[in-house]
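Asker: need a structure here:
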Amino acid sequence: MVVSLSMGWRRLLFANWPLEPNRVRPHLPQRLSVDTHDGKAWLSVVPFTNVDVRPRALPSGTGVALPELNLRTYVSYEGHPGVYFFSLDADGLAAVLGARLFHHLPYYYADIDLAADDGAVRFTSRRRHRGARSVRFDATYGPTGSRYYADHGSLEGFLTERYRYYTEAPDGSIRYADVSHEPWPLYDAEVSFRENTLFAANGFDRPETEPVHLYSPGVDTIASGSKPARELRTR
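Answerer: Residues are numbered from 1 along each chain as shown. Okay, the predicted model is just below:
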């Protein structure tokens, strides 16, 4: 079943750690290649909230809210860039089950609280998915400085301007979905982490490098249904 979704992504933190590509490669499906910027692979922790999530055929205002926390990296499939999610925690059981079934995404059910106060966002998440590794996350983040848009070829553009994600289906095949939205309005971000076990839960040692933090108030997005990646070979 191909289901195209409309949604708004709001109050996002992109917390990004550089690391050597050989630390990421073993965690990816074989057909995906590590994408790098200045020779470095990147792991990104992204807490945010979805608003008005709904099938594209339904009118605006009929969707649901869905706070989410994900760990992702940057990949390509036969030259087509995108992102790959190691895990996605979300506070909505039906949405988690639907994303696993129809989009082959590694979603997990979690209790998530998000509160904004004077520009700062407090985001806490506790994974409650039966049989899954524990994840605990607690951070406060917010924008600093002036708004800007990423320049073409910049690190900020590499980390945020991605319009496709890849997944691995149960049969081992690679699938993808396209996402469309306006360029991200960005700010530098101030961040305080109190707890973050996403790396360990996904089999990574915590990076010892200094992260790059970006904040965005958000964009409205359309995501296509899941499609076989072999279709990209003809493009």
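Asker: which helices and strands sit right next to the helix or strand hosting Ser216?
Answerer: Assessed by DSSP states H and E, Ser216 sits inside strand 212-223. Under the contact criterion of 3 or more Cβ pairs under 8 Å, 6 or more residues apart in numbering; DSSP states H and E, strand 212-223 touches strand 5-19, strand 136-148, helix 155-160, strand 174-180, strand 186-196. The way it works is simple: take the backbone N, C-alpha and C, and place the C-beta from them, glycine included.
Asker: contact partners of that strand?
Answerer: 4-16, 18, 48, 56, 141-144, 155-156, 159-160, 177-191 (Cβ atoms under 8 Å, 6 or more residues apart in numbering).
Asker: what strands line up against that strand, and which way round?
Answerer: For strand 212-223, the paired strands and their directions (DSSP bridges) are strand 5-19 (antiparallel), strand 174-180 (antiparallel), strand 186-196 (antiparallel).
Asker: next, the buried residues of the last one.
Answerer: By 16 or more other Cβ atoms under 10 Å, the buried positions in strand 186-196 come out as Leu186, Tyr187, Ala189, Val191, Asn196.
Asker: residues contacting the residue nearest to the last one when sequence neighbours are not counted?
Answerer: What that stands for is Asn196. Excluding the flanking residues, the one nearest Asn196 by Cβ to Cβ, 6 or more residues apart in numbering is Phe137, at 5.4 Å. Contact partners of Phe137, counting by Cβ under 8 Å, 6+ apart, are Val45, Pro47, Leu69, Asp89, Phe123, Thr124, Ser125, Arg126, Glu195, Asn196, Thr197, Leu198.
Asker: dump the residue contacts of Gly92.
Answerer: Contact analysis of Gly92 by Cβ under 8 Å, 6+ apart lists Val64, Leu66, Tyr109.
Asker: tell me the pLDDT at it?
Answerer: What the model reports as pLDDT for Gly92 is 83.
Asker: checking Pro29 next. Helix, strand or coil?
Answerer: Secondary structure, DSSP: H, G, I helix; E, B strand; the rest coil: Pro29 is coil.
Asker: that one - how many residues pack around it?
Answerer: 16 (other Cβ atoms under 10 Å).
Asker: just to check, it is in contact with Ile174?
Answerer: Yes: using Cβ atoms under 8 Å, Pro29 is in contact with Ile174, at 6.1 Å.
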